[in-house]
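In: Next one to model:
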Amino acid sequence: MTQLNRRTFLMTAAAATTARAVPPVAGLMKSPPAKRILTLVYDKSIGAMRAIDRLVH
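Out: The predicted structure follows:
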């Protein structure tokens, strides 16, 4: 298991931000606008931060 440090936290946050910036293929279809919510949580089972991205209609 890797320990959480500043570098891994910043890399995880950057990856989550990049994933949000790239529009998914399903989002290209006509649908009502949705709000994206990104939450960073500490996952005890892996011992690191985890990004959760949700779509709220």
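In: Could I get the full set of strands for the protein?
Out: 35-43, 48-56 (DSSP state E).
In: Nearest to Ala14, out of these?
Out: Proximity to Ala14, assessed across these by C-beta to C-beta, is greatest for strand 48-56 (10.2 Å). Just so you know, the C-beta spots here come from the backbone N, C-alpha and C atoms, and that holds for glycine as well.
In: Now do the buried residues in the closest one.
Out: Ala48 (16 or more other C-beta atoms under 10 Å).
In: how far out from the middle of the chain is it?
Out: Centroid displacement of strand 48-56 relative to its chain, using C-alpha atoms, centre = their mean, to the nearest Å, is 4 Å.
In: What mean pLDDT does it get?
Out: Averaged over strand 48-56, pLDDT sits at 87.
In: Compare the strands of the chain and give me the one nearest Arg6.
Out: strand 48-56 (11.3 Å).
In: How about the contacts made by Thr17?
Out: Leu38 (C-beta atoms under 8 Å, 6 or more residues apart in numbering).
In: thinking again about what came up before, in JSON lines: the strands of the chain, plus distance to Thr8.
Out: Output for the strands of the chain, formatted as JSON lines (distance: least, C-beta to C-beta, whole Å):
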{"stretch": "strand 35-43", "distance to Thr8": "12"}
{"stretch": "strand 48-56", "distance to Thr8": "7"}
